[in-house]
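Peer 1: could you work out the structure for the sequence below:
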Amino acid sequence: MKAHTLRVYGRVQRVGFRRYILDLAQDLHLTGYAKNLPDGSIEIFIQGEKKQLSIFLETLKQPPPPANISELKEKETTTNPEIKEFKLIYGELAEELQEGFGGMQTIFTEYWKEFRDYRHEFRDYREEFRDFVKRTDENFKLISDKYGEISDKLTVILETLIKESKETREMLNETMKTLKNALERLAK
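Peer 2: Sure, this is the predicted structure:
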């Protein structure tokens, strides 16, 4: 087993970099710790198998955005067998809250920059959308007008059928009475 103490400078605080270090170390089954320092750097104590340490160091040098390393100081040191896991050493609650909110703000700012690149395209679509809404409103009005016309025509047809049906029924009743009377006279 080997051990190293690292000091990482650059944009490494309030950007989720310690969490990246924690995940990387745990994935490689390394032990140690990482903590923020008052000057804006991060101190890392890392120990484990030589091959895993080598992978850790190479991967660490290329952190995901928005983290950015400007300088990495590395010193081989003595292993500490009492350390059985990799953990983050947290500062005061106010510092950790600032760290978390700073990380979120940084990520939000990156997304905002990306979104701003597309805002002119959205403006073009805004006009198209307004035209679409206008055409849709016009189509609904036409449908409503046509429905009104059709409804009026159907009402007239229905009223006519009811009236003609009533008249036909009355004529049939009269015809049946006349026929009945004629049959009664014939039967006498």
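
Peer 1: mean confidence score for the helix ranked longest in the chain?
Peer 2: For the chain, the helix that runs over the most residues, judged by DSSP state H, is helix 93-187. Per-residue pLDDT values over helix 93-187 give a mean of 78.

Peer 1: same check, this time on stretch 15-25
Peer 2: Over the span of stretch 15-25, the pLDDT mean works out to 93.

Peer 1: so which residue is dead centre in the protein?
Peer 2: The centroid of the chain falls nearest to Y111 when counting by Cα atoms, centre = their mean (13.2 Å).

Peer 1: quick one: contacts for that residue?
Peer 2: By Cβ atoms under 8 Å, 6 or more residues apart in numbering, the contact list for Y111 is empty. In this view, the C-beta of every residue, glycine as well, is placed from N, C-alpha and C.

Peer 1: let me see the domain layout of this structure.
Peer 2: For the chain, automatic domain parsing gives the domain ranges 2-90, 108-188.

Peer 1: ok now the longest one, how far from the chain's centre?
Peer 2: Between the mean C-alpha location of domain 2-90 and the chain-wide mean there is a distance of 32 Å, by Cα atoms, centre = their mean, to the nearest Å.

Peer 1: which element is the closest residue to P64 other than its chain neighbours on?
Peer 2: With sequence-adjacent residues excluded and distances taken as Cβ to Cβ, 6 or more residues apart in numbering, P64 is closest to Y20, at 6.4 Å. With secondary structure defined by DSSP states H and E, Y20 is part of helix 17-27.
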